[in-house]
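1. Give the three-dimensional model of this entry:
(chains A, B, C and D)
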There are 2 protein chains.
Amino acid sequence: MSDTAEAIMDAAERRIRGAGYSGFSFREIAADVGVKSASVHYHFATKESLGAAVAHRYTQRFMSSIEREVAEGRDVIEVWVQAFRRSLYGDGKMCLCGALAATSQDLSEEVLIEVRRFFELGLERLVESGLSQERATHVLATLEGAMLLANVLSRPSAFDEAAAALST
Amino acid sequence: MSDTAEAIMDAAERRIRGAGYSGFSFREIAADVGVKSASVHYHFATKESLGAAVAHRYTQRFMSSIEREVAEGRDVIEVWVQAFRRSLYGDGKMCLCGALAATSQDLSEEVLIEVRRFFELGLERLVESGLSQERATHVLATLEGAMLLANVLSRPSAFDEAAAALST
DNA sequence: GTCTATAATTTGATAGAC
DNA sequence: GTCTATCAAATTATAGAC
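-> This is a model prediction of the structure:
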């Protein structure tokens, strides 16, 4: 994976987290990176393949981070809350897969598969940690909704208010 | 408000709930209603004004429904859970303002104001019903996230799993 | 690998006839 | 109020030079 390809994925991730799949264009990504849109197509043939690649990388990174921190013996719920919280307070944008999931009928099958994978793996991992299916779904839903509210209201503290109930 | 204008808003609401603001076009709306896109522009000068009008109507309807049911003496949390649940099980799509909020950087100021109003009024109403600010934010976040998960996983029961903890 | 140039389509929006 | 016709701009994507 070249530096340019990684820079393209970084730019796409940022754009998608703010404006969703239909909210970014190859020309915008190219401008962010400092190349022309034809060069973006050299690295990612289609917009769908770029979207899918970004969602896949996001899931890998997210789950690896969770895995590592849980292995350190930290409380599972706390690890999940902090993973989302860091992202929100870092740049005030949505969860990438949350932003894509909210407009799922706007996604091609290729992208949708990757987005679903994020939520399926997430629930699976929470259940493995000992939570019931109900509790796992509640935790993931609350964190996604908490990011959505904090994001649209431009009030990061809304995330903490919404997530507080998970820690008790 | 003419029948055509209402039909246009209905079509736009359905499209936005599935694919977000950038996920629908005037031509698609026109085809849904059975007119030409120029006629859509006659009723709504710009896409932004249509988006704002649809979000405003959605908020009015939603809050009126909540108000009516709470006045009947029903449990407040249960009223909110059922309001979202009916919508999801009705057509398996997102909350309109949730779908818009998830890609908030893709919205014009005109639309964003209406979307924010939905969440601000919602929190206000929950607090008026006796919930703490924290609890109100938790309830709204959980319900939006529950719709998002159920929607993207095509599994309505995920909503019930996520929302179950609110009723206990 | 990146560029210029361009094709093919879609988009929001407008002018003017009826 | 709705239509046909059209515009200007933006979109994804490709061809071919360097």
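2. Next one: the spatially most central residue of chain A from residue A:60, what distance?
-> Centroid-nearest residue in chain A: residue A:96, 2.8 Å away (criterion: Cα atoms, centre = their mean). With distances taken as Cβ to Cβ, to the nearest Å, residue A:96 is found 12 Å from residue A:60. C-beta coordinates here come from the backbone N, C-alpha and C atoms, glycine included.
3. quick one: which helix or strand includes the residue nearest to residue A:165 when sequence neighbours are not counted?
-> The shortest distance from residue A:165 to any non-neighbouring residue, by Cβ to Cβ, 6 or more residues apart in numbering or on different chains, is to residue B:138 (4.6 Å). Assessed by DSSP states H and E, residue B:138 sits inside helix B:133-152.
4. buried sites along that helix?
-> B:135-152 (16 or more other Cβ atoms under 10 Å in any protein chain shown).
5. Quick one: mean pLDDT for that helix?
-> For helix B:133-152, mean pLDDT rounds to 98.
6. what's the answer for stretch A:54-62, then?
-> Per-residue scores along stretch A:54-62 average to 98.
7. Show me how far it is from its chain's centre.
-> A distance of 7 Å separates the centroid of the chain from that of stretch A:54-62, by Cα atoms, centre = their mean, to the nearest Å.
8. Mind listing what's buried along that stretch?
-> Residues of stretch A:54-62 classed as buried: A:54-59, A:62 (neighbour count, 16+ other Cβ under 10 Å).
9. Nearest spatial neighbour of residue A:105, chain-adjacent residues omitted?
-> In space, and not counting its chain neighbours, residue A:105 is closest to residue B:18: 3.6 Å by Cβ to Cβ, 6+ apart.
10. Quickly find the element holding that neighbour.
-> Using DSSP H and E, the element containing residue B:18 is helix B:3-19.
11. helices or strands next to that helix in the packing?
-> Packed against helix B:3-19 by the contact rule (3 or more Cβ pairs under 8 Å, 6 or more residues apart in numbering or on different chains; DSSP states H and E) you find helix B:26-33, helix B:37-43, helix B:47-71, helix B:96-101.
12. one more time with 10 Å
-> If contacts are counted by 3 or more Cβ pairs under 10 Å, 6 or more residues apart in numbering or on different chains; DSSP states H and E, helix B:3-19 sits against helix B:26-33, helix B:37-43, helix B:47-71, helix B:76-91, helix B:96-101, helix B:133-152.
13. nearest to DNA strand D, of those helices?
-> Nearest to DNA strand D among these is helix B:37-43 (3.2 Å), distances taken as Cβ to the nearest atom of the strand.
14. quick check, the closest one touching DNA strand D?
-> Yes. Helix B:37-43 is in contact with DNA strand D by Cβ under 7 Å from any atom of the strand, via B:37-39, B:42-43.
15. If we only consider these, which is nearest to residue A:26?
-> The closest of these to residue A:26 turns out to be residue B:37 (Cβ to Cβ; 25.7 Å).
16. for the residue nearest to residue A:105, what are its contacts?
-> By Cβ atoms under 10 Å, 6 or more residues apart in numbering or on different chains, residue B:18 lies in contact with A:103-106, B:24, B:91-94, B:99, B:151.
17. Out of those residues, who's the most crowded?
-> Within the contacts of residue B:18, residue B:99 tops the neighbour count with 31 neighbours, counted by other Cβ atoms under 10 Å in any protein chain shown.
18. filter the residues of helix B:37-43 next to DNA strand D by proximity to DNA strand C?
-> Counting by Cβ under 7 Å from any atom of the strand, the members of these near DNA strand C are B:37-38.
19. Can you lay out the residues of helix B:37-43 next to DNA strand D as TSV showing distance to residue B:130, neighbour count and pLDDT?
-> Formatted as TSV, those follow (distance: Cβ to Cβ, whole Å; neighbours: other Cβ atoms under 10 Å in any protein chain shown; pLDDT from 0 to 100):
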residue	distance to residue B:130	neighbour count	pLDDT
B:37	48	14	98
B:38	51	9	98
B:39	48	15	98
B:42	47	14	98
B:43	41	19	98
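20. between the residues of helix B:37-43 next to DNA strand D, which is nearest residue A:158?
-> Among these, and counting by Cβ to Cβ, the member closest to residue A:158 is residue B:43, at 35.3 Å.
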